[in-house]
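In: Generate coordinates for the sequence data below:
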Amino acid sequence: MITTCVAASSCDERLRDTVGPSPNLQPAFSSIQTEVFETTDLAGRTSCVTCHTDQGRTPSGNLNLRADPYAALVNKTSVAKPGAVLVIPGDPDGSYLIQKLEGQSGIVGLRMPRNGPPYLSDGQIAVIRRWIALGAPRD
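Out: Model prediction:
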């Protein structure tokens, strides 16, 4: 979990040091889309769009991260867990995406990615948490 930072830039500096297998990952949606959703990382964790795509298949969990991943995640309810919201701007702990990535108790199905390990590193998840805590802006 990330502690509160006095200045956003100093907090983001620490995040940059912890991202591990995604060294260019930043707490911005465009970075998360490129470095996590669309890219297999240096640890071998497969990209999210491997399963969450409509190209040649029905997207896993009916979550398509190819067409408009921001619209598919932010303020959208989970198909698998009614009432759970995937990304709640400003609330990483309440966001079902974080719960699935961390494999928390109470999730429906498996921790993401399903074919893990490897899973996202603590640093990668911290960056996604930070983006959500910042209000999940679309950049």
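
In: make it CA atoms for all contacts and neighbour counts henceforth
Out: Noted.

In: ok, for Glu38, nearest residue in space, not its chain neighbours?
Out: Leaving aside its chain neighbours, Glu38 sits nearest to Ser47 (5.2 Å; criterion: Cα to Cα, 6 or more residues apart in numbering).

In: looking at this, Ser30 is in a helix?
Out: Yes - judged by DSSP: H, G, I helix; E, B strand; the rest coil, Ser30 forms part of a helix.

In: that older thread, ok, the residue nearest to Glu38 - contacts?
Out: Val36, Phe37, Glu38, Thr39, Thr40, Asp41 (Cα atoms under 8 Å, 6 or more residues apart in numbering).

In: Then Leu97?
Out: Leu86, Val87.

In: mind listing what's buried in the longest helix along the chain?
Out: The single longest helix within the chain, with elements called by DSSP state H, is helix 122-133. Judged by neighbour count (16 or more other Cα atoms under 10 Å), helix 122-133 contains these buried residues: Gly123, Gln124, Ile125, Ala126, Val127, Ile128, Arg129, Arg130, Trp131, Ile132, Ala133.
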